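Asks: Output the structure for:
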Amino acid sequence: FILNRAPNQRIISGFSHVVRPLRRLRTSPHTSPTRASTQVVGLGNPGMERTRHSVGMAVISALADHLGVANRWGGDRSVCGDVIMTEVHGSPLVLLRPRRMMNINGVCVAKAAAKYGIKPENILLVHDELDKPLGKMSIKQGGSARGHNGVRSCVECLQTDVMPRLRVGIGRPAGRTSVERHVLTGFSSEEQNIVNCVLVQSVELLLLQLEHPKAQQNSSCSPAKGRRTKRNGQHAVTQDELLSNQIVTELLCE
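Replies: Here you go, the predicted structure:
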């Protein structure tokens, strides 16, 4: 599918990304450490980046663009994926796009974790979520794969389910369309503006997660009660909300 690009938009991995004045983190784009503290993974199918099932890849590409390292993707055969090494807040960070199909991409995630010495609880998975409509997303601390083959592969290969996830809603198919067909199709022209907002908001949530990893690791199961603030006209997640077990953000993009 082809997105219509507005003057203030640019294309990232087949998705139109609205350039918003998000707060930039301190990064070191030329850092190439041999070990890292955190790994962010965009789950999807290589060669099918424009489909709903690969929205995780679009999100991580948007994150790389925001950090100013989008031109540094490099294939790494030892982990079977595309990798960027950088730093955020002085901590080494790995961005990973697996180059294996969704149902076996846990192999790539586990290999990268072993290579860079990253603990499973510091691996943030970004993936599509059928049970959330397009425009909704959440950060969830660990738990079951909930039927997602990519997450299931990661759980099996890492032998734990403690990995936090950014779950990006794509919605369930309408009518008689099968789930398999639905996830492998692109977004309609009517959904493009929502996708643009999703990419921006997903990057903001990832930045908050990277900024407050300990708060998220020590999260409880009680609902958040922190005050919500506005940032650039959109909902911004407070640190109090990071202390909850699950952060849910609804985008009002119509």
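
Asks: Let me know the outermost residue of this protein.
Replies: Within the chain, the residue lying farthest from the chain centre (C-alpha atoms, centre = their mean) is residue 176, at 29.0 Å.

Asks: ok, it to residue 182 distance?
Replies: Distance of residue 176 to residue 182, computed by C-beta to C-beta, to the nearest Å: 11 Å. For every residue, glycine as well, the C-beta is placed using N, CA and C.

Asks: Averaged pLDDT, stretch 47-59. What do you get?
Replies: Averaged across stretch 47-59, pLDDT comes to 93.

Asks: what separates it from the chain centre, distance-wise?
Replies: Remark: stretch 47-59 is offset 11 Å from the chain centroid, using C-alpha atoms, centre = their mean, to the nearest Å.

Asks: what helix or strand is residue 126 on?
Replies: According to DSSP states H and E, residue 126 maps onto strand 123-129.

Asks: Sheet-wise, list the partners of that strand with their directions.
Replies: Next to strand 123-129 in the sheet, as set by DSSP bridges, lie strand 38-42 (parallel), strand 164-169 (parallel).

Asks: I'd like to know which elements the helix or strand containing residue 193 is packed against.
Replies: Using DSSP H and E, residue 193 maps to helix 192-211. Contacts defined by 3 or more C-beta pairs under 8 Å, 6 or more residues apart in numbering; DSSP states H and E place helix 192-211 against strand 15-18, strand 38-42, helix 55-66, strand 123-129, strand 136-141, strand 164-169, strand 234-236, strand 246-250.

Asks: Could you list the low-pLDDT ranges of the chain?
Replies: Applying pLDDT under 70 to the chain flags the ranges 1-34, 213-254.

Asks: switch to 50 and redo it
Replies: 1-31, 216-254 (pLDDT under 50).

Asks: what are the bridge partners for residue 166, then?
Replies: residue 126, residue 139.

Asks: Tell me who's in contact with it.
Replies: The contact partners of residue 166, by C-beta atoms under 8 Å, 6 or more residues apart in numbering, come to 56, 59, 124-127, 137-139, 202, 205-206, 209.

Asks: Would you reformat the residues you listed as CSV and include distance to residue 96 and neighbour count?
Replies: Listed next are the contacts of residue 166 as CSV, based on distance: C-beta to C-beta, whole Å; neighbours: other C-beta atoms under 10 Å:
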residue, distance to residue 96, neighbour count
56, 11, 29
59, 13, 30
124, 10, 22
125, 10, 26
126, 10, 25
127, 13, 28
137, 20, 23
138, 21, 17
139, 18, 26
202, 16, 24
205, 18, 21
206, 13, 22
209, 15, 20
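
Asks: tell me which of the residues you listed is nearest to residue 44?
Replies: Comparing the contacts of residue 166 against residue 44 with C-beta to C-beta places residue 56 closest, at 5.2 Å.

Asks: now the helices and strands packed on helix 192-211 as CSV including distance to residue 97?
Replies: Shown next, in CSV, are these (distance: least, C-beta to C-beta, whole Å):
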stretch, distance to residue 97
strand 15-18, 14
strand 38-42, 5
helix 55-66, 6
strand 123-129, 10
strand 136-141, 19
strand 164-169, 15
strand 234-236, 26
strand 246-250, 23
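
Asks: of all the ones you listed, which lies closest to residue 189?
Replies: Using C-beta to C-beta, the helices and strands packed on helix 192-211 put strand 15-18 closest to residue 189, at 11.0 Å.

Asks: sorry, back to before: quick one: the helix holding residue 193 to strand 38-42, angle?
Replies: Per axes from the mean of the first three to the mean of the last three C-alpha atoms, to 10 degrees, the angle that helix 192-211 makes with strand 38-42 is 160 degrees.
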